[in-house]
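A.B. asks: Provide a 3D model corresponding to the input given below.
(3 chains)
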Amino acid sequence: MPELPEVETVRARLEPKLVGRRFEHVGIFDPRLTRPADPAGVAAELEGERVAALDRRGKYLIVRFESGRVLLIHLRMTGQLLHANGGRPPAGDVHRRAVVKLDDGSDVVYRDVRRFGTWQLLDEDDLLSYLAQRIGREPLVRSFTSKRLAEALEGRRAPLKSALLDQRRLAGVGNIYADEALWRARLHPLRPAGELSAEEIAALHRGIRAALRAGIARQGATLSNYRTPDGSPGRMQEEFRVYGREGEPCERCGTPIEKIRAGGRGTWYCPSCQR
DNA sequence: TTGGCGTCCTGGAGGC
DNA sequence: TGCCTCCAGGACGCCA
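C.D. replies: Numbering: from 1, shown residues only, chains lettered A, B, ... in the order given. Below you'll find the model as predicted:
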């Protein structure tokens, strides 16, 4: 499930392949992929566009074109962007939803098993308002201090786990890194988000940033579908402290990791050292 | 305004 | 072996 570290890895790996390149031909095969649902129209509008930059905001990839327009991509659950040096695509790949042929002869293939991912072609002004309504603070920028985190959680009665998943408050944290951050901060996922002390907020701030940085350093986590653009898996899944480790001993205190539902999502935590 | 839940979607796991 | 059910989860809409 691509979260901030996975999307940042895709961005960093794809950037040198995309920037300066022109979209020579675009094929979109899934009518659900584009917003609005006009794949042929979006494909036609993308053809001829030259990439000026590849950015990320939260879990969104932002392909900026020299024309001023942007392609906003969200991978959701199982979206993949793969870069290949041309040639024939693998036969029989039923999950291939779009292919962009670049002017250097290489291809960018978009695969998505569960078809939740989205592509939106927007103008710069529309992008700003679109993201402003949906995306909160970036947790890895310098200006994201523990004071900013406290502001994001202030007054919230929702469980910490739910609050961390709320993209309008904090951008890019998903189910995996929320659990990993809460373990690092020694905080129980069901604690009311607005009732943390200053010390606990500071610990959570450190935990969020440490978990996300660890994910980026290991090229993300591959549980099922996620791959970097060259097709290789991430390594963060080898470093999970709690996520998916039900019954295994907590590496801090030895207590078996437990699994509960929080915010409608599977949630793993240590019942002894997360309070 | 906030929180909780259902929906979308498909593959894999597990039970029978 | 084959069929069925459940589970996974990001974003969004709806309801209380």
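A.B. asks: whatever helix or strand residue A:43 lives in and DNA strand B in contact?
C.D. replies: Here residue A:43, judged by DSSP states H and E, is contained in helix A:39-46. No. Judged by CB under 7 Å from any atom of the strand, helix A:39-46 stays clear of DNA strand B, getting no closer than 14.1 Å. Every residue, glycine included, has its C-beta placed from N, CA and C.
A.B. asks: how about stretch A:177-197?
C.D. replies: Yes. On the criterion CB under 7 Å from any atom of the strand, stretch A:177-197 is in touch with DNA strand B at A:193-194.
A.B. asks: how far does that stretch sit from the chain's center?
C.D. replies: With CA atoms, centre = their mean, to the nearest Å as the basis, stretch A:177-197 stands 20 Å off its chain's centre.
A.B. asks: quick one: buried residues of it?
C.D. replies: By neighbour count on 16 or more other CB atoms under 10 Å, the buried set for stretch A:177-197 is A:177-191, A:193, A:196.
A.B. asks: do stretch A:125-142 and DNA strand B come into contact?
C.D. replies: No. Figure legend: stretch A:125-142 not in contact with DNA strand B (CB under 7 Å from any atom of the strand); closest approach 11.7 Å.
A.B. asks: show me what contacts residue A:130?
C.D. replies: A:72, A:120, A:122 (CB atoms under 8 Å, 6 or more residues apart in numbering).
A.B. asks: following the helix or strand hosting it, which helix or strand comes up?
C.D. replies: Taking DSSP H and E as the definition, one finds residue A:130 inside helix A:124-134. Counting by DSSP H and E, the element after helix A:124-134 in chain order, helix or strand, is helix A:146-153.
A.B. asks: between the contacts of residue A:130, which sits nearest residue A:173?
C.D. replies: Within these, distances to residue A:173 taken as CB to CB reach their minimum at residue A:72, with 19.3 Å.
A.B. asks: if I've got this straight, that closest one is in a helix?
C.D. replies: No. Counting by DSSP: H, G, I helix; E, B strand; the rest coil, residue A:72 is not found in a helix; it is strand.
A.B. asks: burial check on it, number of neighbours?
C.D. replies: 19 (other CB atoms under 10 Å).
A.B. asks: what of residue A:32?
C.D. replies: The number of residues packed near residue A:32 is 13, by other CB under 10 Å.
A.B. asks: which residues does it contact?
C.D. replies: By CB under 8 Å, 6+ apart, the contact set of residue A:32 is residue A:115.
A.B. asks: which SS class is it?
C.D. replies: What three-state DSSP gives for residue A:32 is coil.
A.B. asks: Three-state assignment for the residue of the stretch 1-150 of chain A found nearest DNA strand B, please.
C.D. replies: As assessed by CB to the nearest atom of the strand, DNA strand B sits closest to residue A:114 within the stretch 1-150 of chain A, at 3.8 Å. The three-state assignment at residue A:114 reads coil, by three-state DSSP.
A.B. asks: parallel or antiparallel, which strands does the helix or strand of chain A with the lowest mean pLDDT pair with?
C.D. replies: When the helices and strands of chain A are scored by mean pLDDT, DSSP states H and E, strand A:34-35 comes last with a mean of 87. Here strand A:34-35 is paired, per DSSP bridges, with strand A:118-123 (parallel).
A.B. asks: show residues contacting the partner strand.
C.D. replies: With contact meaning CB under 8 Å, 6+ apart, strand A:118-123 is reached by A:28, A:33-35, A:42, A:45-46, A:68-74, A:76, A:98, A:110, A:130.
A.B. asks: the same query, at a cut-off of 7 Å, please.
C.D. replies: With contact meaning CB atoms under 7 Å, 6 or more residues apart in numbering, strand A:118-123 is reached by A:33-35, A:42, A:45-46, A:68-74, A:130.
A.B. asks: ok, stretch A:147-167 next?
C.D. replies: A:58, A:134-137, A:169-170, A:173-175, A:178, A:181-182, A:187, A:189-194, A:196, A:201, A:204-205, A:262-263, A:267.
A.B. asks: list the buried residues in stretch A:119-137.
C.D. replies: Of the residues in stretch A:119-137, A:119-122, A:127, A:130-131, A:135-137 count as buried by neighbour count, 16+ other CB under 10 Å.
A.B. asks: is that stretch anywhere near DNA strand C?
C.D. replies: Yes. Using CB under 7 Å from any atom of the strand, stretch A:119-137 reaches DNA strand C at residue A:134.
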